[in-house]
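Participant: Here's my sequence, what's the structure:
(chains A and B)
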Number of protein chains: 2
Amino acid sequence: MFKQEKPELAVPARRQFLKAGLTAGVAAGAMVAGGRTAFAEGDEAIVEKKDWAVYPGNGVDAAPYGMPSQFEAHVVRRNVPWLTADTVSSVNFTPLHELDGIITPNGLCFERHHGGVAEVDPAEYRLMINGLVDKPMVFTMEDLKRFPRENRIYFLECAANSGMEWRGAQLNGCQYTHGMIHNVVYTGVPLKYLLEEAGVKTNAKWVMPEGADASGMTRSVPLEKALDDCMVAFKMNGEALRPEQGYPARLVVPGWEGNMWVKWLRRIEVGDEPWQHREETSKYTDLMANGKARRFTWEMDAKSVITNPSPQAPITHGKGRTVITGVAWSGRGKIDRVDVSLDGGNNWREARISGPSFDKSMHRFYYEFDWDGSELLLQSRAIDSTGYVQPTKNELRAVRGTNSIYHNNGIQTWLVNSKGEAENVEVS
Amino acid sequence: MFKQEKPELAVPARRQFLKAGLTAGVAAGAMVAGGRTAFAEGDEAIVEKKDWAVYPGNGVDAAPYGMPSQFEAHVVRRNVPWLTADTVSSVNFTPLHELDGIITPNGLCFERHHGGVAEVDPAEYRLMINGLVDKPMVFTMEDLKRFPRENRIYFLECAANSGMEWRGAQLNGCQYTHGMIHNVVYTGVPLKYLLEEAGVKTNAKWVMPEGADASGMTRSVPLEKALDDCMVAFKMNGEALRPEQGYPARLVVPGWEGNMWVKWLRRIEVGDEPWQHREETSKYTDLMANGKARRFTWEMDAKSVITNPSPQAPITHGKGRTVITGVAWSGRGKIDRVDVSLDGGNNWREARISGPSFDKSMHRFYYEFDWDGSELLLQSRAIDSTGYVQPTKNELRAVRGTNSIYHNNGIQTWLVNSKGEAENVEVS
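Facilitator: Numbering: from 1, shown residues only, chains lettered A, B, ... in the order given. Coordinates of the predicted model:
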């Protein structure tokens, strides 16, 4: 059986501001197709039979539900103990630097709770639709599964992802700076079908999903969005939702901030105005420099981050052929292009996007080059299908000030030293 | 922590042959858009606060690597003890009837071993390329990760999937009849790049991947396929390969039978003719009625199966609005269409495909209708992008006889009785 490793504590990095314009680690124009690193020549001795090739391993009884290799015990979600007063209202971050492709495996999807993980028996689960409807309804899980289902892949990002970065480089690792995101395939029922069943009255303009957790999580969602692409999902990546993701059913609100994707969904009220509840007034609003707050900032702007190399994932192979990789996403559509800079934003080169590209889904990019061993100031910037270009942190601050917690989609910088070690820094 | 349930034993169903032409369970033309089942009206009492809404649940320390809900303990891979003499050369089947969408979660991917699960330390892992190459090479894991990577989604089906069905309806559940398949997103290096690095000689025509397990699994793969779309994969669904799927690296041979996707890949020999090893002569060949064997039958033909309802997943809600769902795939391309029959193949209706459609990847289909409670003889048939139509089992037998074990892609039939219970049957 897989052994859980005690999650490592995150050590906040010292704040470090560097001037841009560092000598880039690669000569301009030297691209991946150029010189290749010579690998060792074949040596039969190296591939002599190991123990694992001589004795039969475990048979098929061993794991009815399979687990990762013992050698992957470090690949876990991690929290930052000093970030919140209590673990029931806290966050466990996705280890982005250990992943590849665009799917987040269910066991590694970040979790954020307002009152802990509700343990809901699916046999007792009920979803009520009430308020401005012709016929209030209560659905069981079996009822939900009698509506036509759809399968769609979406990212879910917490509004507070990268929130610590408003006031400078704070946390040393993309797991902590950008790990409040995951990207999975949902199976569920379009919310539209459930609302049609109840019959929404003509004066309705909003819906309020409510969670069955101890926090009774609620948000106001415009009816237009509810009827557009929202889903009540009961599967993620093929299997039942995980408990911490709202088992047995959650709301999916594509492209919009994560707290609106209400988990352990127990009720949807239909109304004619927003409810002005706690999580859309005192929380999940953006305090501006002048003391006023932006409200209902639902859409997640285009964003990207280089996941390798990064502070938790240094370059260990020395000079030569090197693969940079990362992820990009937008709440407004697809990612059309990702650019990578090796010199803190002075020069940009187009990265290669590989893998499926879907609206409001994570995209994987790669940039291959020959590293000469000199310092790098790595950055990535995403351009989405609306033409929006991911801004720098300073461009964001010029508009938003530094009072905010939420919606920081600024360009991230990693300083890579000659040993390949990376650090969270800012360029000014 | 998640508790593993003892896997249930599969009970072989009695062989049952039914005449086609049973009265279908739905009036011709009555489609899903028609009469709707009335759900219960809203009742505040039903959605009163449960315990789970009153007390905070687990916080974020609870599971660094998350696990399924305790209510999903029955969702596991299962084996059939009498099928093989030893568990180290056996199979654990994917619970297709519990899944939805197109992704198979890593913990539920079927496993088939010839010498148990090799436990390979990635730090000691080596991949050698030798034979007809200019420069024999040995790659470490780190070396592999310095080549350009790609992300692609493919099904992997064992050649023996549905093999018991050649001689009639044998196993009562799609987990057993069709569960030797999974569909995941692979991240890896195109094999082409590794072969280019070694420099394939002009007289080379074949490659032979070799596994590091106790069986030393080998197969002959045409060089043309190796240079086309084969990959050396090290991630599945975003995270490292699972041990039972070849950790830390396996070969991906898109659309071709699963035993060629060599796990724990330790060596690739390049040659000018096939090696004629055990797993392509005495095994994984198709014995015809005349005693001769078809060989090198690599491609998996278009196939489909209804996963719900099925023997392990009866209809429990009685008459009315019903969702039929299943999966379809082809080793030759995409699935263009899936048809569903309710009457054993007399009448066919087009199913709805929902979710991403990729070459050589699983497709998810749905068919919604109003069930009148009478008996159903459920079938599905896949049509792929080459125009190939999935045959009946009898059409296959007319060509191939009944000596075969492998490559049975015949149409599957479930008899659903008036109580909603399903059984594996054949129609003649």
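Participant: Please tell me I have it right and residue A:163 contacts residue A:400.
Facilitator: No - applying C-beta atoms under 8 Å, one finds residue A:163 not in contact with residue A:400, separated by 11.9 Å. C-beta coordinates here come from the backbone N, C-alpha and C atoms, glycine included.
Participant: how about the residues of the stretch 301-428 of chain A that lie near chain B?
Facilitator: Applying C-beta under 8 Å from any C-beta of the partner chain, we find that the stretch 301-428 of chain A lies next to chain B at A:316-317, A:320-323, A:325, A:352, A:354-356, A:358, A:364, A:366, A:368.
Participant: who wins for neighbours among those?
Facilitator: residue A:364 (30 neighbours; other C-beta atoms under 10 Å in any protein chain shown).
Participant: so who does the residue of the stretch 251-400 of chain A found nearest chain B touch?
Facilitator: Nearest residue of the stretch 251-400 of chain A to chain B, counting by C-beta to the nearest C-beta: residue A:355, 3.2 Å away. Neighbouring residues of residue A:355 by C-beta atoms under 8 Å, 6 or more residues apart in numbering or on different chains: A:101-102, A:363-364, B:150-152, B:185.
Participant: Greatest separation within the residues you listed: which pair is it?
Facilitator: Maximum pairwise distance in those, criterion C-beta to C-beta, is 14.5 Å, between A:363 and B:152.
Participant: And these two? Which one has more around it.
Facilitator: residue A:363 (28 against 22).
Participant: Could you report the pLDDT at that one?
Facilitator: As predicted, residue A:363 sits at a pLDDT of 98.
Participant: Who are the contact partners of the residue nearest in space to the middle of chain A?
Facilitator: Residue closest to the average C-alpha location in chain A (C-alpha atoms, centre = their mean): residue A:181, at 1.4 Å. Shown in contact with residue A:181 (C-beta under 8 Å, 6+ apart): A:94, A:96, A:104, A:110, A:155-158, A:161, A:327, A:329, A:362.
Participant: Can you tell me the closest non-neighbouring residue to it?
Facilitator: Nearest residue to residue A:181 in three dimensions, chain neighbours excluded: residue A:157, at 4.3 Å (C-beta to C-beta, 6 or more residues apart in numbering or on different chains).
Participant: just checking, the one you found touches residue A:257?
Facilitator: Yes - using C-beta under 8 Å, residue A:157 is in contact with residue A:257, at 7.0 Å.
Participant: Comparing the two, which residue is more hemmed in?
Facilitator: residue A:157 (26 against 22).
Participant: can you map out the helices along chain A?
Facilitator: Using DSSP state H, the helices of chain A run over A:141-144, A:174-178, A:191-198, A:223-228, A:393-400.
Participant: most packed of the ones you listed?
Facilitator: Among the helices of chain A, ranked by average contacts under mean count of other C-beta atoms under 10 Å in any protein chain shown, first place goes to helix A:174-178 (a mean of 28).
Participant: Which pLDDT value goes with whichever residue of the stretch 151-300 of chain A sits closest to chain B?
Facilitator: Across the stretch 151-300 of chain A, no residue is closer to chain B than residue A:151, which sits at 3.2 Å (C-beta to the nearest C-beta). If you check residue A:151, the pLDDT there is 98.
Participant: For it, give its distance to residue B:303.
Facilitator: According to C-beta to C-beta, to the nearest Å, residue A:151 and residue B:303 sit 20 Å apart.
Participant: what about the nearest residue to residue A:377 once chain neighbours are set aside, how many residues close to it?
Facilitator: Spatial nearest neighbour of residue A:377, chain neighbours left out: residue A:344 (3.4 Å); criterion: C-beta to C-beta, 6+ apart. Neighbour count of residue A:344, defined by other C-beta under 10 Å: 23.
Participant: ok, residue A:344 touching residue A:427?
Facilitator: Yes - Residue A:344 is in contact with residue A:427 according to C-beta under 8 Å; the separation is 4.2 Å.
Participant: Specify the beta-bridge partners of residue A:305.
Facilitator: When bridges are called by DSSP bridges, residue A:305 pairs up with residue A:327.
Participant: Before we move on, what's the pLDDT of it?
Facilitator: Residue A:305 is given a pLDDT of 98.
Participant: just the one 10 residues further on next, same as before
Facilitator: At residue A:315 the predicted local distance difference test score is 98.
Participant: Contact partners for it?
Facilitator: Residue A:315 makes contact with A:309, A:322, A:371, A:416, A:420, A:422, according to C-beta under 8 Å, 6+ apart.
Participant: Give me the subset of these lying in strands.
Facilitator: Using DSSP state E, the subset of the contacts of residue A:315 located in strands is A:322, A:371, A:416, A:422.
Participant: pLDDT score for the residue nearest to residue A:181?
Facilitator: Note for residue A:157: predicted pLDDT of 98.
Participant: Please apply the same query to residue A:258.
Facilitator: Listed pLDDT for residue A:258 reads 98.
Participant: Report the contact partners of residue A:391.
Facilitator: Residues near residue A:391 by C-beta under 8 Å, 6+ apart: A:409-411.
Participant: Go through these and flag which are in strands.
Facilitator: Going by DSSP E, the strands hold none of these.
Participant: What subset of these is buried?
Facilitator: A:409-411 (16 or more other C-beta atoms under 10 Å in any protein chain shown).
Participant: Let me have these in CSV, extended by pLDDT.
Facilitator: Shown next, in CSV, are these (pLDDT from 0 to 100):
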residue, pLDDT
A:409, 98
A:410, 98
A:411, 98
